[in-house]
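Enquirer: this one's sequence-less:
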């Protein structure tokens, strides 16, 4: 009798075997050790396409588990399909009764959460238990049955049609997709990856798979890399760190889009996860860069705000969403630049930040559409400090020919790539360079000719700026035919200075013309340069409207000087920028010639040092020379007395009140006036 | 990240890429490598042995390694002076990807000796010569090999490697 107690019943044996195979087996009720439950994952051997027919398509049926008959997948008009690798698992409960296995089959119940499996399928699976039990000769069937369920899960219990499609009631859509994502994530976390940055094998749980390209890196490496890049404002580096990643994708998807997106979405940065503040900075920097690279951006006139005006093109990011950011920035660049007028309906500007409504032309509070206004005149002189700063910027930086962002070279060759818009350009002459062969510019051209920058790739190698050795600095722009090399004594060469004046006059003509058209608002980067001109705008206008005899000649002459300048600058409108913005070789040369003087003066008289002063110097030097050489007419046959008088009058008017402060020059000036 | 450098070093020394052997000038400093480069037999520079000095920035691999030729070489993409600067796209900071491997970089440098890239030259004159008068270029290149690249390479570089910045002029908002 004692034997019976110690003997294990077959169902005990089976139970311990099953528990050994499936350690996740759980006992359903504490008082009944013979009823167990188990979740069986449904992972089809290959991902299945799951259809969620739109509600209207499915016949209205009662009961949630109905209506998911296997369809052919193409009948519905609004078929919503997703590829799914993991379906919600089945919950299996098996109860081994006291007469099992000899006289009683196991009792099974199957359920799915959500109930995505059709009722009939569940019934069939449940019926399989007694059937298999019979087939086994009424023996222990537990493992066989569980295995059978698992195996039929490979084909989703025969529910997948011949095209690999499975139809499921749309009400389970979210649950099913959600389950799939979680299951994939869990599978990813169990894997091991070699991080491409630190080269260490890392568990998937501490790795991030790039959304766009699928490369896997460990989270600490990505955090280090992106945090540093965003901190330094190097937004271009915020891309997949894998070598050649963008190129590979470009090859793969060459017919889909021009270029695959390389920047990383803020939401993905948060997933990695990056600090919220860092991502916020990334978003705002991206937006700022976008705005700044668009010359048409208008900024709020409230000094404490300076926010950008609302624009259709650039949406201010909300939260971490970057609105339709595109990599090909400024595709419709020509728009704003060529139109002298903004359409009236575009004049209303509303600040993104402080919601101030203002006029985009006159920068006053919004005055309605039917008020005629003019661009603002520059009130008040820029301070000496501002002028000196602008002067420095003009001398020691080069504007990108595409986006006009100014770049100061710290070292290296003169082939520059704009930090903002990636345009290739020449640091010496600001010419646009063909990205395919940028160095051609510094070499002999195919036609045997050479640019003024021929063999000058390495000039200013140590950088450009006052902190760099002066000799190196001054060597910068002696263009052929331009002004004398700086640092030499007062030159005897006449043409450059003459031309510089012509440039200046020419520049003023342009400004006048622009003012006449109502466009006179100087480009922000030219602010300082055109200050004096803009301020004297109306005055000049009057003169131009009623020119003395000489102007007829002075005008064309000025204009004649413009083309080389424009050509040298590699862009139109160089005339207007002429001397100050180093649009032209000659203008630039002259500016360079002036530099040592400028520097000296800056040292001795820090109050000055602006563009106007410079113009004054040039003008005075020209006149000086004349004074020394004899009568003006004798020296330059092209200018008659009337012209000269006009030019002088003009220049005098155009020059500013700082004259008094320039004691030495002032004297010369008076002297000259007296001479005539 | 010195672990990564150690890995890269052991990868490059245990199964060195063809024509490349690496020594450390100082055992305690993994950031400076001396590389002896033997061009492939088909290269115009075959027969020479070239020294490369690889300097890994402190924040490697987030910034590009700095590589210079310490042996003079007559090549369109290498400055023809004692500094030996190399113009190679993947070494430029703006193109550098932290996922790039030093093995691949060194192979790319060696590849330059087989296929100079005259479209992106550091020595425009040599690039022109390479394009137009290949015989003259070949002669000059071989002469340079004979004059400078025979025997054990030296690893003395004229100018110290710049701190972190790339070769291209770097822009800052003025």
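Expert: Ah, there it is. Not measured: the values here are computed from a predicted model. Numbering: from 1, shown residues only, chains lettered A, B, ... in the order given.
Enquirer: in chain B, which ranges drop under the pLDDT threshold?
Expert: Applying pLDDT under 70 to the predicted model, the residue ranges of chain B that meet it are B:1, B:158-174.
Enquirer: Pop out the phi and psi values for residue A:199.
Expert: Dihedral angles of residue A:199 (phi, psi; degrees, to the nearest 10) stand at phi 70, psi 10.
Enquirer: Check residue A:52 too.
Expert: Backbone geometry at residue A:52, expressed as degrees, to the nearest 10, gives phi -120, psi 90.
Enquirer: Give the burial count for the closest residue in space to it that isn't next to it in sequence, as a bare number.
Expert: With Cβ to Cβ, 6 or more residues apart in numbering or on different chains as the measure, residue A:170 is the residue that lies nearest to residue A:52, at 4.0 Å, once sequence neighbours are left out. (Glycine included, C-beta is placed from N, CA and C.) Here the neighbour count serves as a burial measure; for residue A:170 (other Cβ atoms under 10 Å in any protein chain shown) it reads 19.
Enquirer: pull the longest helix from chain B.
Expert: Counting by DSSP state H, the longest helix found in chain B is helix B:134-148.
Enquirer: can you list the residues of the stretch 451-600 of chain A near chain B?
Expert: Counting by Cβ under 8 Å from any Cβ of the partner chain, the residues of the stretch 451-600 of chain A close to chain B are A:455, A:457, A:463.
Enquirer: same thing but at 10 Å, please
Expert: Within the stretch 451-600 of chain A, the positions adjacent to chain B are A:454, A:455, A:457, A:458, A:460, A:461, A:463, A:464, A:465, A:525 by Cβ under 10 Å from any Cβ of the partner chain.
Enquirer: Can you pull the phi/psi pair for the third one?
Expert: Main-chain torsions, residue A:457, degrees, to the nearest 10: phi -60, psi -40.
Enquirer: Just the pLDDT at the residue nearest to it when sequence neighbours are not counted, thanks.
Expert: On the basis of Cβ to Cβ, 6+ apart, the spatially nearest residue to residue A:457 that is not a chain neighbour turns out to be residue A:442, at 4.1 Å. Per-residue pLDDT puts residue A:442 at 86.
Enquirer: Compute the number of surrounding residues for residue A:442.
Expert: Under the neighbour criterion other Cβ under 10 Å, residue A:442 is assigned a count of 23.
Enquirer: could you list every residue that touches it?
Expert: Residue A:442 makes contacts with A:413-415, A:426, A:428, A:433, A:450-451, A:453-459, B:121, B:124, as judged by Cβ atoms under 10 Å, 6 or more residues apart in numbering or on different chains.
Enquirer: So it versus residue A:358, what's the distance?
Expert: Between residue A:442 and residue A:358 the computed distance is 46 Å (Cβ to Cβ, to the nearest Å).
Enquirer: Please apply the same query to residue B:38.
Expert: Computed as Cβ to Cβ, the residue B:38 to residue A:358 distance reads 69 Å.
Enquirer: What about residue 28, how many residues nearby?
Expert: This is for chain A. Residues contacting residue A:28 under the criterion other Cβ under 10 Å number 13.
Enquirer: let's do chain B instead
Expert: Here the neighbour count serves as a burial measure; for residue B:28 (other Cβ under 10 Å) it reads 5.
Enquirer: Now do the contacts for it.
Expert: Contact partners of residue B:28, counting by Cβ under 10 Å, 6+ apart, are absent.
Enquirer: quick one: it from residue B:2, how far?
Expert: Counting by Cβ to Cβ, the separation of residue B:28 from residue B:2 is 11 Å.
Enquirer: Now do the strands in chain B.
Expert: With DSSP state E as the criterion, chain B has strands at B:20-23, B:32-37, B:50-55, B:66-69.
Enquirer: Mind putting these into a markdown table with mean neighbour count and distance to residue B:44?
Expert: Formatted as a markdown table, the entries for the strands of chain B read as follows, by neighbours: other Cβ atoms under 10 Å in any protein chain shown; distance: least, Cβ to Cβ, whole Å:
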| stretch | mean neighbour count | distance to residue B:44 |
| --- | --- | --- |
| strand B:20-23 | 15 | 18 |
| strand B:32-37 | 20 | 14 |
| strand B:50-55 | 22 | 13 |
| strand B:66-69 | 24 | 15 |
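Enquirer: Switch these over to a markdown table; also include distance to chain A.
Expert: Output for the strands of chain B, formatted as a markdown table (distance: least, Cβ to the nearest Cβ, whole Å):
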| stretch | distance to chain A |
| --- | --- |
| strand B:20-23 | 17 |
| strand B:32-37 | 16 |
| strand B:50-55 | 16 |
| strand B:66-69 | 13 |
